[in-house]
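Asker: no sequence on this one, just coordinates:
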């Protein structure tokens, strides 16, 4: 009989670690979907999406969702379960996936977590900072300050109130400034102090796989994908959503450019070229994020045999 059965505290820890999350991360168009399907089939697993836009049921073509046929083959979670009218944050995702995985692992041993939204994946791997709830009045006041006094007023206040956060935040992003200052106004503490509080990832064994391709190869795939999206009806999808164009959920590559075309600001050729260019830039930012946060096993998507060997080696087979 294995020795860990004689040690209750070690046994308890081992029970947590007998559940596995295979993380398939990478930039847009790298090939996450195909590999996730293959691994889900091999390991009798369901797929948990980590994509902040595929969650919206009205956005399909432009978010490169799996097709209806693919969704029918393998069960997916966190796809098509929100409306663009609903607010949805990384905090909402963290709370919901924590509960969903706890239920899922009652009957399964392996889950696939896949997507390109780094913050969603990081929330599962490392947990979230426990930021306080902020009153709407405080946020409204700060937004009014921004409107009247400009972003410089918020920048100056943050520099004085929390110089440490000021030195690392994108000070040209008003949403980040309002968020930090709202916490400071609500609590009287620095935003940095909440970032430094201990946090924990979910209690499962993570197998983090980062898919990569040569830049030229990836960029060609991105350009081809955009052309295919247009052939498959992305413009029509954008037209259906045009009246909601100011929603945060639609400030997304592929949609915001077509909204400019629909409004008559740019022609369709320019819109498509912008989508391709912005998608390439987005892919670069995604890779920067993934490499900054967490360690990864790096693979080309075609290295499926090597990936499966890694997973097989990582999963501890239960004793008979």
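Answerer: Structure received. What you see is a predicted model; the values in this text were computed from it and never measured.
Asker: With residue 136 as the reference, measure out to residue 213.
Answerer: Applying Cβ to Cβ, to the nearest Å, the value for residue 213 to residue 136 is 44 Å. Glycine gets a C-beta too; all of them are placed from N, C-alpha and C.
Asker: which one of the two has more residues nearby?
Answerer: residue 213 (19 against 8; other Cβ atoms under 10 Å).
Asker: my guess is that one contacts residue 298, does it?
Answerer: No - using Cβ atoms under 8 Å, residue 213 makes no contact with residue 298, being 10.9 Å away.
Asker: and the longest helix for the protein?
Answerer: Counting by DSSP state H, the longest helix found in the chain is helix 268-292.
Asker: Let's verify residue 38: helix, strand, or coil?
Answerer: What DSSP: H, G, I helix; E, B strand; the rest coil gives for residue 38 is helix.
Asker: Give the closest residue to it in space, chain neighbours not counted.
Answerer: Distance criterion Cβ to Cβ, 6 or more residues apart in numbering; nearest residue to residue 38, sequence neighbours excluded, is residue 304 at 6.1 Å.
Asker: From residue 41, how far out is that neighbour?
Answerer: On the measure of Cβ to Cβ, residue 304 and residue 41 end up 12 Å apart.
Asker: domain parsing for this structure?
Answerer: Domains of the chain are assigned by automatic domain parsing as 3-128+199-314, 136-195.
Asker: which residues in the stretch 1-150 of the chain form strands?
Answerer: 20-25, 46-49, 76-77, 110-115 (DSSP state E, counting those that start in this stretch).
Asker: which one of those strands lies closest to residue 279?
Answerer: With Cβ to Cβ as the criterion, residue 279 lies closest to strand 110-115 of the strands of the stretch 1-150 of the chain, at 15.6 Å.
Asker: I'd like to know which elements that closest one is packed against.
Answerer: strand 20-25, helix 32-42, strand 46-49, helix 118-126 (3 or more Cβ pairs under 8 Å, 6 or more residues apart in numbering; DSSP states H and E).
Asker: And the ones you listed, which one averages the lowest pLDDT?
Answerer: For the helices and strands packed on strand 110-115, the weakest mean pLDDT is recorded on helix 118-126, namely a mean of 93.
Asker: Could you tell me the angle between that one and strand 20-25?
Answerer: 160 degrees (axes from the mean of the first three to the mean of the last three Cα atoms, to 10 degrees).
Asker: Show me which positions of helix 118-126 end up buried.
Answerer: 118, 120, 121, 122, 123, 124, 125 (16 or more other Cβ atoms under 10 Å).
Asker: contacting residues around that helix?
Answerer: 21, 23, 25, 50-52, 90, 93-94, 97, 113, 115, 199-202, 206, 208, 286, 289-290, 293-294 (Cβ atoms under 8 Å, 6 or more residues apart in numbering).
Asker: OK, contacts around the closest residue to residue 74 other than its chain neighbours?
Answerer: Once flanking residues are discounted, residue 74 sits nearest to residue 40: 4.8 Å by Cβ to Cβ, 6+ apart. Residue 40 makes contact with 46, 47, 74, 112 under the criterion Cβ under 8 Å, 6+ apart.
Asker: Mind picking the two most distant members of these?
Answerer: Within the contacts of residue 40 (distances taken as Cβ to Cβ), the two that end up farthest apart are 74 and 112, at 8.5 Å.
Asker: okay, and the common contacts of these two?
Answerer: Common neighbours of residue 74 and residue 112 (Cβ under 8 Å, 6+ apart) are 40, 46, 47.
Asker: Kindly indicate which of those residues lies nearest residue 187.
Answerer: residue 47 (38.3 Å).
Asker: Angles on the backbone of residue 298, please.
Answerer: phi -90, psi 130 (degrees, to the nearest 10).
Asker: For it, which residues count as its bridge partners?
Answerer: residue 210 (DSSP bridges).
Asker: Would you double-check that residue 206 falls in a strand?
Answerer: Yes - counting by three-state DSSP, residue 206 is part of a strand.
Asker: Enumerate every residue touching it.
Answerer: Residues in contact with residue 206 (Cβ under 8 Å, 6+ apart) are 20, 21, 23, 124, 125.
Asker: Go again with 6 Å.
Answerer: By Cβ atoms under 6 Å, 6 or more residues apart in numbering, the contact set of residue 206 is 21, 23, 125.
Asker: can you count the residues close to the closest residue in space to it that isn't next to it in sequence?
Answerer: Nearest non-adjacent residue to residue 206, counting by Cβ to Cβ, 6+ apart: residue 21, 5.3 Å away. Residues lying near residue 21 (other Cβ under 10 Å) number 22.
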